[in-house]
Structures are given as C-alpha cells and as structure tokens.
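In: Structure here, sequence nowhere to be found:
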C-alpha cells in the first residue's frame, strides 16, 4: 500500500471512529431508554460489552496473524500479531475495569471469584499478558516469531470458552443480553445504540492498531538504521 | 447526582482517560523517534562528508 493511500485510510478510519464512538456515547447517555431494574448504571453496558467483544476481536486478529506467519513465513505478520495482542490487552483491561465498576453498583462487590465467566475472562487476559513475558524472554528472530505465533493461536481457544461461559453458567448473576427468544431481547433503541457503540469501539481498535503498528515499524527501522550507521 | 450516575460517569471517564493516556504515550514515542531520526540523519551526513 502506498504511503498516501495508507495516510488517507488512516484519516478515514480516525474520522469514522470519532463519529461512531461519539455518536454511540451520545445515544447511550441521551437517547437510549433507562433500564427499569438497574437505572442509569445499566448504560455502562454500552461500553462494557463492546469493549469485551473488541478485546476478543483483537485476540482473534492476533491469532490469525500468527496463523498467517506460520503458513507463509512472512516476517511482517509477527509484528502485526504482536500489535493485535497489545491492543487486545488494552481493551481487555478496560473490560475488566468497566465490568468491575458495573459489578460494584449492581452486585455490591468489585469482583466475584465465584463467577466463572469473570474468572475465565481474567484467565484470558492473564494468558495474553504472559505473551509479553514470553516474547521479551526470547532473542528476536524467527524462533521468537514462531513461538509467539503458536502462543497467540493457543490463546484463541479460550475465547469461545470465555464467551460461552456467560451463556452456560448455572448461576446467572452475569446477564445474558442476546438470546433466541425475541421477547427477552433488547428493545430496538437499546439495540441500535449498542450496535453503534460496538462499531465505534471496533473502529477505535482499528485506528489504534494502525497507529501502533506504524510506531512499532518506525521503531524497528530506526534501530536497523542505527546498526547500519555504527 | 445519584450513586448510579456516579458509577456510570466513572466507567466512561476510565475509558476516556485510558485512551488519552495511550495517545500521550504514543505521541511521546513519535517525538522520540523523530529526534532519533534527526540524530541518525546528522550521523549519515557526517559519514558521507568524511567518505566523500
């Protein structure tokens, strides 16, 4: 991709993020109806769930890049996979933080170790945190790229487990919002708001991913240039 | 402001502050890279002058 078209797509993505996320938050705070049971705190849902889904998407993206690396042996996928996991961790951390705030107001506790869906998300988060320890404990090169790719691929197995745990849990403290039963689903205003927030969060992740990747590539090139000059 | 509204504000503020912190770190890194590139350009010029 040429530099100018890359710049243009970056600007378009940034504008889309601003419009979608700004619009989504405005809808969540001003337009979506208030939940009869939880009151205003239910509006945390519009950022908490999109954050969690975006974290899953980033981890999937990292695993996909890992698979591409193992398949094609192209070096660029290593940095792309690493950047995706990095983004996933930021969104994962925000999921835990917003979930904890929501738990405090809804359940009266910041965290519940008895809830397997919470613990599974924490395990997923810690698993990908360890990705960094693994990566920085190895010498840069093909071996580190391959091991990191395999690790990212292994972590992706935890995503459906973490996602399904919310549905399969016997103890339903954590709410299930999207079900097959039409009557139990969200009202249209809430669903529209949620979809806009999710699109905004995914656009934010894509923008941050693009910028982070650019920064990491620049870092790498500056290091190479220094080695050549010395 | 009710306690529900306080927690709601806290959740949105946490997200906003994290994104802002990330942008700050990213801009600091870009500033460092720009400075390092400047130094390397000077080194390359000095090397070219010495060689030529």
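Out: Perfect, thanks for sending it. Treat the numbers as computed from the prediction; the structure is a model and nothing was measured.

In: If you count contacts, what does the helix or strand harbouring residue A:131 end up packed against?
Out: Secondary-structure assignment from DSSP states H and E places residue A:131 in helix A:116-136. If you count contacts as 3 or more Cβ pairs under 8 Å, 6 or more residues apart in numbering or on different chains; DSSP states H and E, helix A:116-136 packs onto helix A:45-72, helix A:76-107, helix A:142-155, helix A:158-168. C-betas here are computed from N, CA, C, even on glycine.

In: So which of those is nearest residue B:4?
Out: Across the helices and strands packed on helix A:116-136, residue B:4 has its closest neighbour in helix A:76-107 (5.9 Å, Cβ to Cβ).

In: and the angle for that closest one with helix A:142-155?
Out: 30 degrees (axes from the mean of the first three to the mean of the last three Cα atoms, to 10 degrees).

In: and helix A:76-107, does that touch chain B?
Out: Yes. Helix A:76-107 is in contact with chain B by Cβ under 8 Å from any Cβ of the partner chain, via A:90, A:93-94, A:97-98, A:101-102, A:104-105.

In: between that helix and helix A:116-136, how many degrees?
Out: 150 degrees.

In: list the buried ones in helix A:76-107?
Out: A:77-106 (16 or more other Cβ atoms under 10 Å in any protein chain shown).

In: for the helix holding residue A:131, the distance to its chain's centre please.
Out: Centroid separation for helix A:116-136 versus its chain: 13 Å, with Cα atoms, centre = their mean, to the nearest Å.

In: can you check stretch A:33-49 too?
Out: With Cα atoms, centre = their mean, you get 21 Å for stretch A:33-49.

In: Stretch B:20-34 now?
Out: Distance of stretch B:20-34 from its chain centroid, counting by Cα atoms, centre = their mean, is 1 Å.

In: same thing with stretch A:50-69?
Out: Centroid separation for stretch A:50-69 versus its chain: 7 Å, with Cα atoms, centre = their mean.

In: mean confidence for that stretch?
Out: In this model, stretch A:50-69 carries a mean pLDDT of 94.

In: if we can go back for a sec, and the angle from the helix holding residue A:131 to helix A:45-72?
Out: Angle, helix A:116-136 to helix A:45-72, by the same axes, to 10 degrees: 40 degrees.

In: now residue B:51: how far from residue A:124?
Out: The gap separating residue B:51 from residue A:124 is 54 Å, by Cβ to Cβ, to the nearest Å.

In: ok, those two, which is more surrounded?
Out: residue A:124 (24 against 6; other Cβ atoms under 10 Å in any protein chain shown).

In: Test my guess that that one contacts residue A:156.
Out: No. Residue A:124 is not in contact with residue A:156 according to Cβ atoms under 8 Å; the separation is 9.7 Å.

In: got any residues that touch both of the two?
Out: Contact with both residue A:124 and residue A:156 is made by residues residue A:59, according to Cβ atoms under 8 Å, 6 or more residues apart in numbering or on different chains.

In: So which residues on chain B come close to chain A?
Out: Near chain A, when you scan chain B using Cβ under 8 Å from any Cβ, you find B:2-5, B:7-8, B:10-12, B:14-15, B:18-19, B:22, B:26, B:29-30, B:33, B:36-37, B:40, B:43-44, B:47.

In: From those, which land in helices?
Out: Per DSSP state H, helices hold the following members of the residues of chain B next to chain A: B:3-5, B:7-8, B:10-12, B:14-15, B:18-19, B:22, B:26, B:29-30, B:33, B:36-37, B:40, B:43-44, B:47.

In: Can you select the buried ones from these in ChimeraX?
Out: To isolate the buried members of those in ChimeraX, using 16+ other Cβ under 10 Å:
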select /B:4,7,8,10,11,12,14,15,36,40
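
In: Tell me how far residue A:68 lies from residue A:192.
Out: Applying Cβ to Cβ, the value for residue A:68 to residue A:192 is 35 Å.

In: check contacts around the nearest residue to residue A:29 once chain neighbours are set aside.
Out: Spatially, and ignoring its direct neighbours in sequence, residue A:29 is nearest to residue A:43 (6.4 Å; Cβ to Cβ, 6 or more residues apart in numbering or on different chains). Applying Cβ under 8 Å, 6+ apart, one finds that residue A:43 lies in contact with A:28-29, A:32, A:34, B:8.
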